[in-house]
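S.K.: Starting from these lines, generate the structure:
(chains A and B)
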Amino acid sequence: MDENHRPGEETGTELTAAEAEAEASPAEPADEPAAPRTPDESMSRRTFLLWAAGISVGFTALASGWMVYEAVLPPGRSVEGKTKVGPLAIAKLDELEEGVPVLLEYGDDVVFVAKQPDGSALVFDAACPHVGCKLSWNEAADEFECPCHDSGFHPDGTLAYGPAGRDMIVAVHEIDDDGNVVVSGFEG
Amino acid sequence: MAKVVDRIAAPFDKRFDLQNSLEANVFSKPVPMHARRFWYCFGGLTFFVFLLQVASGVWLSFYYVPTPEQAYASVFYISNYVNYGWLIRSIHAWGAQLMVVFILIHMIRVFVTGSYKNPREFNWVVGVLLFLITMAFGLTGYLLPWDQKAYWGSTVSLSLVEQVPLLGSVIAQIVLGGEALGAPTLTRFYSGHVFLLPAALVILLVAHFWMIRKQGISGPL
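M.R.: The predicted model follows:
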């Protein structure tokens, strides 16, 4: 790089102060205190800046590469991927009141479990799909409501009004033989 | 590290003479001092934003469906369901705005510094064509979400096209592809947005850069 880069050679312009300094001092200036220095410490300003630029670009590339990787995967995939907990029995269906969603813990997440008349259950992530605030159940209005931006959702999890742009996140679950609600993850 | 790079690069260098090519075409062409200014950056910035548009646009085309039934739904899906879809789609939308802004600043700079003068007149002409292509990108891209704004916005621009003397109605028919704005229009706009316009833009960009290299950067004021 140093041999190849000859600023000003063809254009007749002058070196900037920084370039002149970087060109002139592959080693440290002589009038530095006489502390013994290993070669590693005598990095020129140019080398330092090249490394700094390279590392910044590298990090940016890694971050955007990871984002693109996430974005090209089909969003519904992560039933298992989105949780480290795995299948977990979180409630007994018999103990729930029909049609009244209750907040229950599933690993680090919180889910709403609502027993249905037909003996099944609806299970939703309690995090609002907008920016993830914890939804609450409003019995009087018969809907889920978000405290942050006033999004609302019907009892079946479908979007009632924004700013959220989609329905509530469905938790994948089954009712086992003992009547337990077993949650295994979230749909995308 | 450097040794590893050398080991990998050496066979390619031997066959393609990379070192000398880079030396002759890149490292020995420093930007002249008078051009190392803020206002001289906007041509390059426009190119950078264009690359962003290509990257985000290719990704959008993974999910986008150019039919009247599914266009809006697929865009909705991108924004609300796909991981980081909202981000990448916003990058594409804002990048489109930025690209036009950067081009205008670039053109003003070139005009104010007189860089368009002899021997660079042809490059100015190519630049104007690039600007028009970018505007066409904006027009065609605007319809693709297929929402009310897109539909009626494009209706207005198509009725403007019809007002062009002599050729107006023919051009409008070609762009419209039917009686009214509908499925054929959407596919034509999509095809233009992702095939024709990018091809035209890249060809003219090569000409733009090649002429800069041939004629050099214009002198100081």
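S.K.: pLDDT score assigned to residue B:124?
M.R.: For residue B:124, the model assigns a pLDDT of 97.
S.K.: correction: residue A:20
M.R.: For residue A:20, the pLDDT comes out at 51.
S.K.: hmm, who's touching stretch B:65-76?
M.R.: Residues outside stretch B:65-76 that contact it (C-beta atoms under 8 Å, 6 or more residues apart in numbering or on different chains): A:165, B:63-64, B:89, B:144-147, B:182-183, B:186-187, B:190. In short, each C-beta sits where N, CA and C put it, glycine included.
S.K.: Next, the distance between the ends of it.
M.R.: Across stretch B:65-76, the terminal residues are separated by 11 Å (C-alpha to C-alpha, to the nearest Å).
S.K.: If you count neighbours, what's buried in that stretch?
M.R.: Within stretch B:65-76, the residues that count as buried by 16 or more other C-beta atoms under 10 Å in any protein chain shown are B:65, B:66, B:68, B:71, B:72, B:74, B:75.
S.K.: Tell me the confidence at residue 76?
M.R.: Went with chain A since none was named. Taking residue A:76 on its own, its pLDDT is 56.
S.K.: wait, I meant chain B there
M.R.: 88.
S.K.: Doesn't it lie inside a helix?
M.R.: Yes: the assignment for residue B:76 by DSSP: H, G, I helix; E, B strand; the rest coil puts it in a helix.
S.K.: care to break the chain down by domain?
M.R.: Using chain A. Domain segmentation of chain A under automatic domain parsing yields A:17-72, A:88-186.
S.K.: think we crossed wires, I meant chain B
M.R.: The record assigns chain B these domain ranges, following automatic domain parsing: B:1-30, B:40-215.
S.K.: Briefly note if the first one comes near chain A.
M.R.: Read that as domain B:1-30. Yes: using C-beta under 8 Å from any C-beta of the partner chain, domain B:1-30 comes into contact with chain A via B:22, B:23, B:27, B:28, B:29, B:30.
S.K.: Work out for me the element the most centrally placed residue in chain B sits within.
M.R.: Centrality entry for chain B: nearest residue to the mean C-alpha point is residue B:50, 4.6 Å, by C-alpha atoms, centre = their mean. Mapping residue B:50 onto the secondary structure by DSSP states H and E places it in helix B:42-63.
S.K.: tell me which residues in that helix are buried?
M.R.: B:42-43, B:45-47, B:49-50, B:52-53, B:55-57, B:59-60, B:63.
S.K.: repeat for stretch A:145-155
M.R.: Applying 16+ other C-beta under 10 Å to stretch A:145-155 flags A:145, A:146, A:151, A:152, A:153, A:155 as buried.
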